[in-house]
Structures are given as C-alpha cells and as structure tokens.
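# all I have is the shape, not the residue letters:
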C-alpha cells in the first residue's frame with residue numbers, strides 16, 4: 001500500500017502539480033463509459049475527487065476504478081490539478097486528483113445502509129448495530145472532533161490554572177445515596193461487592209484533604225437508571241475540585257472555562273453570565289434551570305385572584321402555600337385554539353395541576369375560557385401582565401410547588417410549539433442559593449437538594465446548627481452554598497462548597513435519617529479524613545456529553561457518544577449485556593436467579 005501523504009479534505013489549490021497519495025472510502029462514484037470515472041474519496045477530514053481518465057490513468061487502473069462501489073476502502077496516488085468546473089459545495093472543490101495508481105485495500109460487503117446518504121438513513125437501532133458504519137458519516141466525524149476539542153481545551157485551560165489531573169478508582173464501595181449503583185462481585189473476597197462510581201465526589205474531597213489543592217479529571221461515571229434523550233447509564237464528567245476557596249472563586253474560574261471553551265471550539269464570545277437565585281428562578285420560570293432565550297415568564301397574580309369569585313382561584317389560595325400565577329403568550333390569541341389549550345390542560349395534569357384556566361385579550365376585552373370571572377380584576381390583570389391586543393393568558397392555581405412545576409414545563413412546551421426560541425443564541429447564567437433540603441411529607445424525611453456533602457452558606461451555618469430538626473419551615477429555608485451553570489435551559493454543570501466541619505456533616509447525616517453507625521458504615525473514610533485538618537473546599541462537575549450536545553446542536557445524547565447504549569441499556573453492536581458461563585459465576589460466588597426464556 002502507498003503511504004498516505006495527505007488527508008482527502010486537506011487538498012487545496014496550493015497542492016496543484018504535486019504527486020500525492022490519499023487513503024479512504026468511496027463516498028460516491030460516476031462512470032462515463034470505460035474512458036472516464038469520477039470517484040469521491042472520503043476520510044475523516046473530508047472529500048476529494050479522484051479522476052480516472054484515458055491518457056492520464058493506465059487502462060487497467062481505469063477498469064479497476066469503474067468497478068468501485070460505495071464504502072470500498074482504497075489508496076490512490078496521482079497528480080493534483082485544477083478542476084475545469086469547480087465544485088463550491090465542498091472545500092476541496094477547486095482541485096481533483098488525476099489517478100496514476102490504485103490499491104483496493106478491501107471491498108465492502110452488501111451495506112445495511114449507505115453512510116453518505118444522509119437523506120435515507122435507517123432507524124436508530126440499525127445505526128447502533130452497525131455503529132462503525134454510522135460513525136463514518138461526516139456529521140458523526142464532526143461530532144467526534146468537537147468532543148476531542150472539548151477534552152483538549154478543558155485540559156489546557158485547567159492545566160494553565162494550576163489543576164492536577166488525578167485518576168480515581170472505578171471499583172469502589174457502594175454508597176447508595178443517589179441513583180442505583182452498578183455492582184461488581186469480588187472473586188477474592190467471597191460475598192463482597194464493589195460498586196462502579198456514580199461520581200468521584202468522595203475521592204475528590206479526599207484529594208483536597210490530601211493537599212492536592214486543585215484537581216481535574218475527565219471521568220466515566222455510572223448510574224443504574226433508565227436512559228432518556230439526554231441521559232445514559234454510562235456517562236462522562238469533567239470533574240473539578242479546589243481547596244481554600246469560596247463560592248465566588250469557584251464560579252469565576254468555571255465561568256472563565258466556559259468562555260474559553262465556547263471561544264476556542266465554536267469561535268463564540270460569551271458575555272458575563274447573569275446570576276439568579278433559586279427562588280427567583282422558580283418564581284419567574286418555574287424551574288431551577290431556566291431557559292432565558294424567550295419570555296413567557298410566570299407572574300404571581302394571587303392578590304388579584306383574591307378579588308374574584310372563581311372557585312378554582314379561591315380554593316387554591318386557601319391551601320398552604322397556595323398561589324395563582326399566569327403566563328402571557330404574546331400574539332397567540334388565534335394560534336392557541338381551543339383544541340390546543342385543552343391539550344395543554346391535559347399536559348399540566350401530569351405535574352399535579354387540575355387543569356389550565358385560560359383567557360384571550362382581544363380588542364381591549366377578555367374573551368373565552370374564564371373571561372366571565374375576571375371582570376372585577378380585568379384592569380389589574382392587563383397592567384400586571386402588560387397585555388396587548390391578541391395576547392393569550394394561561395393560569396396555574398394550586399400550591400406553589402404544583403403551579404411552578406406545571407407552568408414551568410408548560411412554558412417550554414409553548415415556546416417549542418410556537419417556534420419562538422431564537423436560533424443561534426447562547427444564554428448562560430448561574431443559579432445559586434439553593435435550599436439545602438426538601439421535606440417529603442409522605443416518607444416523613446428530608447432529602448438533600450444537591451448531595452449530602454453540600455455546605456450551608458457561611459451566613460447560614462450557625463442557624464443551621466441551631467435549627468430544630470422538627471421545624472420543617474426553618475430547615476427548608478436554610479440556603480446551601482450550591483451553584484449550577486445553566487445554558488439554554490439545560491444544567492451543564494453543578495457544584496457546591498463542601499462541608500469541611502465534622503459538626504455540620506454530622507447534623508446533615510442526622511437530618512437525612514442516617515444514624516451515627518450508618519454514617520460510619522457508608523462514609524467512614526471521609527468522616528475520618530475530615531478529622532485531620534480538612535481545608536475549606538468546593539468544586540463542580542460538568543456533563544461532558546451535554547456540553548458536546550449543545551455545541552454540536554443535537555438533542556440526542558447518543559449522537560455524541562461513540563458507542564452508546566439504547567433506551568433499554570443495550571449495546572446493539574457488541575450485544576451487551578450477555579449471558580456468562582456458570583463457571584464464571586461460580587468463581588465469583590454468585591448464582592443467577594433469573595428465569596430466562598427457553599430460546600436463550
């Protein structure tokens with residue numbers, strides 16, 4: 001085989017007259033009898049036209065070229081020349097390679113699909129089964145390049161800022177305080193189990209106590225939970241931790257990282273990130289990761305609603321933490337038909353809402369829906385919502401939690417349905433001052449909003465330590481030192497200042513229902529480490545897959561992972577998970593209790 005001298009996508013007019021060798025796959029071919037054959041050759045860098053022509057190419061090579069088919073793998077050598085008719089659709093369109101010699105490296109079998117035919121791709125299952133063909137597509141190669149660039153810029157940026165890359169174990173102990181663990185049986189310790197890490201959280205805190213000071217890792221994490229469009233059981237984090245810092249230092253460092261990433265990978269200059277408290281995000285957008293590229297904000301109209309006799313409003317306001325909120329949908333009076341609004345009513349029911357009251361503002365008056373109940377507050381509503389002619393208004397009336405959840409989800413659906421999300425916009429922001437805990441009345445216990453190692457803010461620490469565990473309102477009002485980085489309505493990074501005081505950590509575990517013995521059993525090494533001069537520390541983790549999703553402009557996480565799992569957790573290409581021999585199970589001191597179909 002002739003040694004490659006250039007990538008297909010690298011040829012330019014500067015190469016005219018040079019003898020070069022290209023390696024790649026046949027992307028397309030066009031034969032004009034036995035005298036002239038055009039082959040578009042593709043590699044990861046792009047496409048170049050290889051021309052087989054009588055008088056310049058030996059006849060046996062022209063004949064061999066006429067027999068090439070899509071995805072045959074070849075090496076061609078020839079002279080670069082300018083094309084008589086340039087092709088502006090490809091970067092190499094000014095030139096072509098006049099072939100003098102060719103080696104067919106391998107012929108392809110019958111293709112399940114043609115990677116170059118983007119308009120006729122098969123279903124996702126077929127593409128995942130033949131992933132090696134799917135990855136040949138220029139779009140997939142572009143995504144792999146973006147992912148590579150993200151990883152490289154990440155390492156360069158944090159290296160320049162004094163971070164050390166440290167690997168943490170893949171086999172660790174199970175600490176089931178988040179999602180379900182993936183468990184691995186031990187052969188040498190009979191009856192004992194490892195867990196694959198859901199994150200390196202405990203290890204990176206240990207590294208701060210160990211004096212590493214600034215830590216970075218691009219790391220695989222595992223959570224045995226159902227996949228979805230933006231989540232895989234096996235995923236990648238950009239994991240970071242810093243010692244002797246406060247929240248401001250962490251946020252400034254990580255904002256600098258995001259700006260550097262977008263600049264170097266996409267050529268985009270990001271403005272300084274706005275900041276928003278958790279409470280403001282929930283009040284205005286109904287969600288703690290608000291998409292601020294469009295309006296449709298939630299407005300509290302509870303005081304006005306008290307002045308009506310509308311039972312849905314009044315009964316909601318009689319509830320503990322009952323509210324009435326509204327969303328103005330500009331110019332949508334005609335677009336939001338009764339059928340669509342009824343569908344939205346069904347949509348919000350899945351989030352606990354009883355329905356969706358609505359009204360339209362046309363020619364200075366309310367009409368349709370609940371208009372007849374709004375006469376006493378019509379003027380006030382117009383002012384509060386800033387209504388203009390042909391606007392629509394939807395309401396949520398229930399507890400604060402139900403209303404914010406239902407309307408927060410609905411505003412996103414309305415924005416997509418009406419196609420009002422700006423294209424090409426990058427809206428970043430920080431959300432901070434999260435509550436430390438949420439209380440679940442059904443289970444009668446508290447849950448960490450972030451994780452059990454998140455510290456209260458400095459201003460809240462003593463109030464937290466003094467708070468009575470039975471005082472739910474006080475405990476839920478304690479603000480943590482957590483922060484999330486949001487991009488276009490997606491949480492791309494979340495972190496916090498960690499607990500470094502034993503008394504604070506002990507109280508957190510107690511509120512979460514862990515006895516001292518249970519806490520020691522699950523987190524003994526961390527608790528012990530905290531007793532040996534732990535520094536203040538904090539960090540963040542970015543979802544690398546989600547970062548690449550945003551940068552590549554896809555909403556499917558499986559598109560940005562080279563070898564992903566399906567929605568049922570299967571790898572269709574290598575057929576995993578699979579059965580193993582009984583002898584293997586015996587060595588691991590494990591016996592399967594699964595009832596398998598007779599066909600297996």
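Here it is on my side, so go on. Note that the structure is a prediction, hence the values are computed from the model and not measured.

# let's see the pLDDT reported for residue 528.
Listed pLDDT for residue 528 reads 89.

# what packs against whatever helix or strand it lives in?
Assigned by DSSP states H and E, residue 528 falls within helix 516-530. Secondary-structure packing of helix 516-530 (3 or more Cβ pairs under 8 Å, 6 or more residues apart in numbering; DSSP states H and E): helix 201-209, helix 502-511. For every residue, glycine as well, the C-beta is placed using N, CA and C.

# mind listing what the helix or strand that the shortest one is followed by pairs with, with the direction of each?
Helices and strands here follow DSSP H and E; after helix 201-209, the next one along the chain is strand 214-222. Using DSSP bridges, strand 214-222 pairs in its sheet with strand 164-165 (parallel), strand 234-243 (antiparallel).

# spit out the contact partners of the nearest residue to residue 425 once chain neighbours are set aside.
Among residues not flanking residue 425 along the chain, residue 293 sits closest, at 4.9 Å (Cβ to Cβ, 6 or more residues apart in numbering). For residue 293, the contact set (Cβ atoms under 8 Å, 6 or more residues apart in numbering) comprises 421, 422, 425, 427, 488, 489.

# and those, which of them are buried?
427, 488, 489 (16 or more other Cβ atoms under 10 Å).

# want to throw those into CSV with secondary structure?
Below are the buried ones among the contacts of residue 293 laid out as CSV (DSSP: H, G, I helix; E, B strand; the rest coil):
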residue, secondary structure
427, coil
488, coil
489, coil
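
# which one of these is nearest to residue 313?
residue 489 (29.0 Å; Cβ to Cβ).

# what about stretch 116-123, distance to the chain center?
Centre-to-centre, stretch 116-123 and its host chain are 25 Å apart (Cα atoms, centre = their mean, to the nearest Å).

# buried ones in it?
residue 116.

# hang on, the earlier thing: now render the helices and strands packed on helix 516-530 as JSON lines, adding mean pLDDT and distance to residue 452.
Putting these into JSON lines (pLDDT from 0 to 100; distance: least, Cβ to Cβ, whole Å) gives the following:
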{"stretch": "helix 201-209", "mean pLDDT": "95", "distance to residue 452": "10"}
{"stretch": "helix 502-511", "mean pLDDT": "91", "distance to residue 452": "5"}
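
# go through those and pick out the most buried.
Highest mean neighbour count among the helices and strands packed on helix 516-530 (mean count of other Cβ atoms under 10 Å): helix 201-209, with a mean of 22.

# tell me what angle that helix forms with strand 214-222.
Angle, helix 201-209 to strand 214-222, by axes from the mean of the first three to the mean of the last three Cα atoms, to 10 degrees: 170 degrees.

# so which elements touch helix 201-209?
By 3+ Cβ pairs under 8 Å, 6+ apart, helix 201-209 packs against strand 214-222, strand 234-243, helix 516-530, strand 537-543.

# among the helices and strands packed on helix 516-530, which comes closest to residue 517?
helix 502-511 (10.7 Å).

# name the helices or strands packed onto the closest one?
Counting by 3+ Cβ pairs under 8 Å, 6+ apart, helix 502-511 packs on helix 461-466, helix 516-530.

# please report phi then psi for the residue nearest to residue 72 when sequence neighbours are not counted.
Excluding the flanking residues, the one nearest residue 72 by Cβ to Cβ, 6+ apart is residue 26, at 4.7 Å. When read as degrees, to the nearest 10, the backbone of residue 26 gives phi -70, psi 120.

# wait, residue 26 sits on residue 68?
Yes: judged on Cβ atoms under 8 Å, residue 26 makes contact with residue 68 at a distance of 5.1 Å.

# circling back: now the helix holding residue 528 and helix 201-209, what's the angle there?
Going by the same axes, to 10 degrees, helix 516-530 makes 40 degrees with helix 201-209.

# identify each buried residue in helix 516-530, please.
519, 522, 523, 526, 527, 529, 530.

# which among those residues gets closest to residue 239?
residue 526 (16.3 Å).

# skipping its backbone neighbours, what lies nearest the closest one in space?
In this structure, residue 526 finds its nearest non-sequential neighbour in residue 202, 5.2 Å apart by Cβ to Cβ, 6+ apart.

# residues touching stretch 447-458, excluding its own?
Residues from elsewhere that reach stretch 447-458 (Cβ under 8 Å, 6+ apart): 177-178, 201-202, 205, 246-247, 433-440, 461, 463-464, 478-482, 494, 496-500, 504-505, 508-509, 512, 526, 538.

# got the end-to-end distance for stretch 36-54?
Distance across stretch 36-54, first residue to last, is 7 Å (Cα to Cα, to the nearest Å).

# got it, and stretch 584-595?
Per Cα to Cα, stretch 584-595 runs 18 Å from first to last residue.

# in the chain, where is pLDDT below threshold?
Scanning the chain with the threshold set as pLDDT under 70 gives 1, 176-178, 596-600.

# picking up where we left off before, could I get the buried ones among the contacts of residue 293 as a markdown table with distance to residue 260?
Formatted as a markdown table, these follow (distance: Cβ to Cβ, whole Å):
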| residue | distance to residue 260 |
| --- | --- |
| 427 | 18 |
| 488 | 19 |
| 489 | 22 |
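
# quick check, nearest of the residues you listed to residue 185?
Nearest member of the buried ones among the contacts of residue 293 to residue 185, counting by Cβ to Cβ, is residue 489, at 41.0 Å.

# tell me the contacts of the closest one?
287, 289, 290, 291, 292, 293, 412.

# so what's in contact with residue 26 and residue 68 at the same time?
If you check residue 26 and residue 68 against Cβ under 8 Å, 6+ apart, the residues they both contact are 39, 74.

# ok, and what's touching the helix or strand hosting residue 258?
Assigned by DSSP H and E, residue 258 falls within helix 247-266. Residues from elsewhere that reach helix 247-266 (Cβ under 8 Å, 6+ apart): 146, 149-150, 153-154, 157-158, 161, 240, 242, 268-270, 272-273, 426, 428, 430, 432, 457, 481, 483, 485, 487, 492-493, 495, 497, 538-540, 547, 551.

# from the contacts of residue 293, which two are the most distant?
422 and 489, at 12.2 Å, using Cβ to Cβ across the contacts of residue 293.

# before we move on, back to that, taking the contacts of residue 489 together, which two end up most distant?
Farthest-apart pair in the contacts of residue 489 is 287 and 293; separation 13.6 Å (Cβ to Cβ).
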